[in-house]
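# Provide a 3D model corresponding to the input given below.
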Amino acid sequence: MDILMLVTPAVNESINNWLEIKAATSNLATNTRVAYRNDLIDFFNFLAEYQNETADLLTVEKLKTSDIRAWQAKLRNLNTGPRSNARKLSSLKSYIRWLAKHRQFDATPILSLKSPKFTKKLPRPLEPIEAGSVLSECESIVSEPWVVARDTAVLILLYGCGLRISEALSIIGKDIPLRNTIRITGKGGKVRIVPVLEIAQKAVNEYTDLCPFQLVEDAKIFRGVRGKPLSPKIIQNKMKLVRHRLGLPASATPHALRHSFATHLLSNGGDLRTIQELLGHVSLSTTQIYTAVDTVRLMEVYSKTHPQA
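From the prediction side, this is the model:
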């Protein structure tokens, strides 16, 4: 998607070059690359209106902190959350940092701007009994046997192996039948080896036995009813149905099963480094959020059960 109406071809080309270099050096996922571009489009949309002119490279070089603050103020007025505002500003600063290096101008004032503060939300895992109920309830929903087996297998992979939904749906024919481990390519192209529980092996292999479509080595195994690769939306909708039937909160999403995987491992003595590897987190700090979740859960148990609480 070009933004030719908002910037000169030179600026548009520089954005494309930055995205290509960013993707090559940081192993950006496609969705992340799209988000970066959309953040810049959002800014240049604003800038064109704010300055009443098409932006060229000189305009970018002469950006003032007041321009950025005006953009952030407009985002706040549009009720864009501080987390989204912080990400948008981070995208813009990354682009300007790269551009300043190549065109040799001083971007210190822009790069020194502080991001909006926001409170990171803790993941909301399910209790072990709730996670088990989700899997059982999924199996009980009346549908074609192969569809029931498919949806159950995907949910078991999320909870039993800690996979992201995109990772589970990326399993291909050459991975079948599942064995004790599976090679998973996660965010940013990061590859990891994930242990596969026997229950997950059995669930996936049962699905592949029932699947009415031919499963070839280089194609995704999870299929929709018309034979095309399964959309994450189908699993999200199934999880929504299951949580309604069980009376679980809206936070009980497919991704909550991955959170549950990590939290339950930690609660049972798993170490952070191992959990980091299993989840495919690049940084240990990302995994450390589960220690806060575990502490919160412990305090909830304490307050409910201690006679003096």
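# when you work out contacts or count neighbours from here on, use the C-alpha atoms and nothing else.
Fine.
# quick one: secondary structure of Ile193?
strand (DSSP: H, G, I helix; E, B strand; the rest coil).
# how about the backbone phi and psi for the closest residue to it other than its chain neighbours?
Using CA to CA, 6 or more residues apart in numbering and skipping residues adjacent in sequence, the residue nearest Ile193 is Arg183, 4.7 Å away. Backbone torsions of Arg183, given as degrees, to the nearest 10, read phi -90, psi 120.
# pretty sure Arg183 is touching Val191, no?
Yes: contact between Arg183 and Val191 holds when scored by CA atoms under 8 Å: they sit 7.0 Å apart.
# secondary structure element for the nearest residue to Gly227 once chain neighbours are set aside?
Of all residues not flanking Gly227 in the chain, Phe213 sits nearest, at 6.3 Å (CA to CA, 6+ apart). Following DSSP states H and E, there is no helix or strand that holds Phe213.
# how many other residues sit next to Phe213?
Counted with other CA atoms under 10 Å, the neighbours of Phe213 add up to 16.
# roughly how far does it sit from Ala203?
17 Å (CA to CA, to the nearest Å).
# quick one on the thing from earlier: contacting residues around the residue nearest to Ile193?
191-194 (CA atoms under 8 Å, 6 or more residues apart in numbering).
# repeat for Ala153
Contact partners of Ala153, counting by CA under 8 Å, 6+ apart, are 200, 203-204, 207.
# kindly indicate whether it is helix, strand or coil.
The three-state assignment at Ala153 reads helix, by three-state DSSP.
# quick check: bridge partners of Lys220?
Lys220 has these beta-bridge partners by DSSP bridges: Ile172.
# correct me if wrong: it contacts Gly173.
Yes: here Lys220 reaches Gly173: they are 6.3 Å apart, a contact under CA under 8 Å.
# how is the protein divided into domains?
According to automatic domain parsing, the chain comprises the domains 9-111, 128-254.
# roughly how far does Ser14 sit from Arg103?
11 Å.
# which one's more surrounded, the two?
Between Ser14 and Arg103, Ser14 has the larger neighbour count (other CA under 10 Å), namely 15 against 10.
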